[in-house]
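> sequence first, then the predicted structure:
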Amino acid sequence: MLTARHISKTFGNLEVLKDISLEIEPSRITTIVGPSGVGKTTLLQILGTLMSPDRGGTVLYDGSDVTALPDTDLSRFRNLNIGFVFQFHQLLPEFSLVENVAMPALIAGRNRRDAFEDARRLLTKLGLEGRDDHRPSELSGGECQRAAVARALINKPRVIFADEPSGSLDSHNRSELHNLFFSLRDTMDATFVIVTHDESLSADSDTIIHMADGTIMSIDRKTK
């Protein structure tokens with residue numbers, strides 16, 4: 001589904017990524033682990049099309065090179081095919097939960113009624129029934145992160161990228177969020193690529209990519 005070839009990235013004199021090639025398998029949870037500063041987030045952003053690789057690197061979805069797309073086409077591709085969950089939920093404070101979740105669908109051009117129906121369905125599925133009209137400030141950190149996952153799912157993306165998604169949560173909410181990821185993998189065939197320092201999450205994941213010094217040291221895959 002997702003293939004990266006010869007991904008490198010340099011900022012000034014700092015070489016962050018060094019000729020990385022990998023494949024992400026669908027309907028699996030892949031974690032990227034390694035010490036701080038080894039390029040995990042940069043790799044995640046390049047795979048998620050938020051950042052371009054240096055010349056010669058390609059990111060392919062189903063064999064199509066998305067790095068060759070014009071900016072407008074790439075933005076639309078990203079909106080329709082990729083979901084994001086970050087360490088902090090990044091919900092818009094002036095909007096209700098259902099409005100936040102529906103936002104990517106509205107941007108994609110779906111009508112308001114259908115977008116809101118799907119948003120409410122997702123919120124119910126993720127245990128947030130009855131919280132639709134609350135604003136982020138009225139919710140717990142765990143609830144906000146669940147809403148961020150619902151927002152990432154609204155357009156039925158091919159893959160969801162998450163950067164330290166449980167890093168700001170306490171142990172209880174962290175465990176609930178991790179359980180949610182695995183439940184979505186099993187019930188919705190969701191594909192996750194997650195940068196994490198959480199050893200319990202990485203240990204339970206289907207694939208673990210170990211990084212050091214801007215390169216991939218090893219990839220551990222569990223058999224299906």
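In hand now; what should we look at?
> helices of this structure, start to end?
Along the chain, the segments classed as helices by DSSP state H run 40-47, 71-81, 97-107, 112-125, 141-153, 171-188, 199-204.
> the ones you listed: which one's closest to residue 9?
Comparison of the helices of the chain against residue 9 by CB to CB identifies helix 40-47 as nearest, at 5.5 Å. (Glycine included, C-beta is placed from N, CA and C.)
> for that closest one, packing partners?
strand 2-11, strand 14-24, strand 29-33, strand 159-163, strand 192-195 (3 or more CB pairs under 8 Å, 6 or more residues apart in numbering; DSSP states H and E).
> can you pull out the low-pLDDT segments for this protein?
Along the chain, segments meeting pLDDT under 70 span 224.
> identify the bridge partners of the spatially most central residue of it.
Centroid-nearest residue in the chain: residue 161, 1.6 Å away (criterion: CA atoms, centre = their mean). Beta-bridge partners for residue 161, by DSSP bridges, are residue 84, residue 193.
> could you dump the helices and strands packed on helix 40-47 into CSV with distance to residue 80 added?
As requested, the helices and strands packed on helix 40-47 are exported to CSV (distance: least, CB to CB, whole Å):
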stretch, distance to residue 80
strand 2-11, 15
strand 14-24, 18
strand 29-33, 21
strand 159-163, 12
strand 192-195, 17
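> which of the ones you listed sits closest to residue 220?
strand 29-33 (9.8 Å).
> what's that closest one in contact with?
The contact list for strand 29-33, computed with CB atoms under 8 Å, 6 or more residues apart in numbering, reads 24, 40, 43-44, 181-182, 185, 191-197, 201-202, 204-211.
> again, only this time at 7 Å
24, 40, 43-44, 181-182, 185, 192-196, 201-202, 205-211 (CB atoms under 7 Å, 6 or more residues apart in numbering).
> OK, contacts around the residue nearest to the centre of the chain?
Shown in contact with residue 161 (CB under 7 Å, 6+ apart): 44, 47, 48, 82, 84, 193.
> which residues touch the fourth one?
Residue 82 makes contact with 48, 49, 157, 159, 161 under the criterion CB under 7 Å, 6+ apart.
> residues near the spatially closest residue to the second one that is not a sequence neighbour, how many?
Yep, that's residue 49 we're talking about. In space, and not counting its chain neighbours, residue 49 is closest to residue 78: 5.1 Å by CB to CB, 6 or more residues apart in numbering. Using other CB atoms under 10 Å, the number of residues around residue 78 comes to 19.
> distance-wise, check residue 78 relative to residue 148.
16 Å (CB to CB, to the nearest Å).
> just residue 179 next, same as before
According to CB to CB, residue 179 stands 16 Å off from residue 148.
> so what touches stretch 207-217?
By CB under 7 Å, 6+ apart, stretch 207-217 touches 15-18, 20, 22, 25, 28, 30-35, 38-40, 202, 218-221.
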